[in-house]
Every structure is written in structure tokens, then in C-alpha cells.
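Q: Sharing a model that was predicted from the sequence below.
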Amino acid sequence: MIIPKEIKNIIEELGKAGFEAFIVGGCVRDFLVGREPKDWDIATNAKPEDIQKIFKNSFYENKFLTVTVITDSAKDNLKEIEITTYRSDAKYSDKRHPDEVVYAKNIQEDLSRRDFTINAIAIKTSGLKKDVIDPFEGQKDLKKKILRTVGNPEERFSEDALRMLRAVRLATTLDFKIEEETAKAIIKNSIWLEAVSKERIRDEFVKIVMSEKPAEGIELLRELNLLKYILPELLENYGVSQNKHHIYDCYQHALKALEF
């Protein structure tokens, strides 16, 4: 795969203005495994006001230091590119949103606040050269198909409880295994999911159901003690037998129906 010219142009323009710029997040993960990214994200040490001076066709409308640049690309995933200033999240009192967002010193500090190692990789591109910044060995986990949090899993999940559900979604859609300590932290702290809005839970759940292996995703939710906070009615069917014409219990029958 090659990095699109729209992304290279943005990085080049930021560089001309004296700023650093890296491709970051899920798009790097997808790029490294040869999958077309759904969208592209860039991290930089330029402040939002600096970014808007460089890119006139852009808008800034949130408190998370992100400027959206409008390109003339014909491809949907390249029409709008989000550029975010290096940031470091402060305490999460509600287990959903950071109490405040502050500037980070460098790309390494920015990567350290991210959820999983496979999403904490950055690429710096210059011409044909690509430098990969991977302080948490996310590339190793990519090769082993392991989902692991950046640092202490309980800390990562206490910052944003939706990350527990996102772990299941990523494991399901990417066909990865959740690393043991990460899985234990989800089971132990699954009740934190109650602090997350139903809308955010719905969005992740729909992605699991619409994946290629939805039944495996639902079963993983059950194993990790998350299903009771999403579909308690389905969980009540677990172990409930049917009449002699059925070989599956009610829960397994529902999963088999979902498979087909």
C-alpha cells in the first residue's frame, strides 16, 4: 500500500511551516496490515490556530484540539482529514470524557494516552521514506494478532469505559485475541460500562453484529461479563434448554440464528 497524496501533501505543508506531523491511530494499524483505512488521522505539534492558518479550507469545532481539513479528493475516506495537536488527557472523573485536554510535549507522549498498542503507532513520511514510531511494540502485537492496552489496562478502561466494548469489537472484526491481563481487567471492571451513554454502546454493538463473525463477538461479550449491560434478555437464555427437538439451548439457538 502507498500513502495517499492528500495525506503526503498535508504533512508536507505542515513541515514547510516548521511543524512535525505523523499519521496516527487506526489508519496506521490498517495500513501496516495492508487494509484500506476507513479514514486518515494526523497528529502534529502545530496548535489548532496554526493549522487553520496553513489550511484555509478547514474548520475547528471541538474542544479536543482537532482541526478538520477539507480536500478535493474524490475518495470518501480522504475528503476530510482530521489533524489533532499532540495532546495528553487529564483525569476522567466520569469514565467517559477527560476532565480537560492539555497539550502533549511530543508524539511519544501523545501515543501513550491511546487505548491499545496496535492503535499507538505513528508513521512519519518524507518522500519515499517512512519512519515508524512504535514505543509500545504495537507491531509485534499486530503480527501476533493480540489486542493489548497501552500500559495498565485498568487505568485505560477507567479513563474511558467504552474501551472495554471497543476491545471486543476490534477482536471480533480483526480476528484478534484479547491479551490475558486486558481480558481480566474487563471482567473485573465490566460494571463501568453503566457509565457510558446508550448511544455510544449502540454504535460499537452494531459494528459487532454487522461483522463477519457476529456470534463470536456476542459470545466474547458474555465471557467478558459485558453482555448483561447490553442485552440482559439474551443472557437470561444462557443454559435454558429447549424441547427434545432442539440440540441447542435458547442462547446457543439465538447465536446460531445470528450466524445464519
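A: Here it is on my side, so go on.
Q: Let me see the mean pLDDT of the helix or strand hosting Glu6.
A: According to DSSP states H and E, Glu6 maps onto helix 5-16. In this model, helix 5-16 has a mean pLDDT of 95.
Q: Stretch 154-168 now?
A: What stretch 154-168 shows for mean pLDDT is 95.
Q: quick one: the helices in the chain?
A: 5-16, 26-32, 48-54, 107-112, 138-144, 153-159, 162-174, 180-188, 198-209, 214-223, 232-235, 250-259 (DSSP state H).
Q: Packing partners of the second one?
A: This means helix 26-32. strand 122-126, helix 138-144 (3 or more CB pairs under 8 Å, 6 or more residues apart in numbering; DSSP states H and E). In this view, the C-beta of every residue, glycine as well, is placed from N, C-alpha and C.
Q: how about the ones you listed in TSV, adding distance to Leu78?
A: TSV is the format used below for the helices and strands packed on helix 26-32 (distance: least, CB to CB, whole Å):
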stretch	distance to Leu78
strand 122-126	15
helix 138-144	23
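Q: per-stretch mean pLDDT over the ones you listed, give me the minimum one.
A: The lowest average pLDDT among these, as it happens, falls on strand 122-126, at a mean of 88.
Q: tilt between that one and helix 5-16?
A: Angle of strand 122-126 versus helix 5-16, following axes from the mean of the first three to the mean of the last three CA atoms, to 10 degrees, is 80 degrees.
Q: what's around Asp180, how many residues?
A: I think there's a mix-up here, since residue 180 is Glu and not Asp. 11 (other CB atoms under 10 Å).
Q: ugh, wrong one, Ser158
A: Neighbours of Ser158 (other CB under 10 Å): 17.
Q: And Gln108, by the same measure?
A: Counted with other CB under 10 Å, Gln108 comes out at 14.
Q: next one: Val240
A: For Val240, the tally of surrounding residues (other CB under 10 Å) stands at 11.
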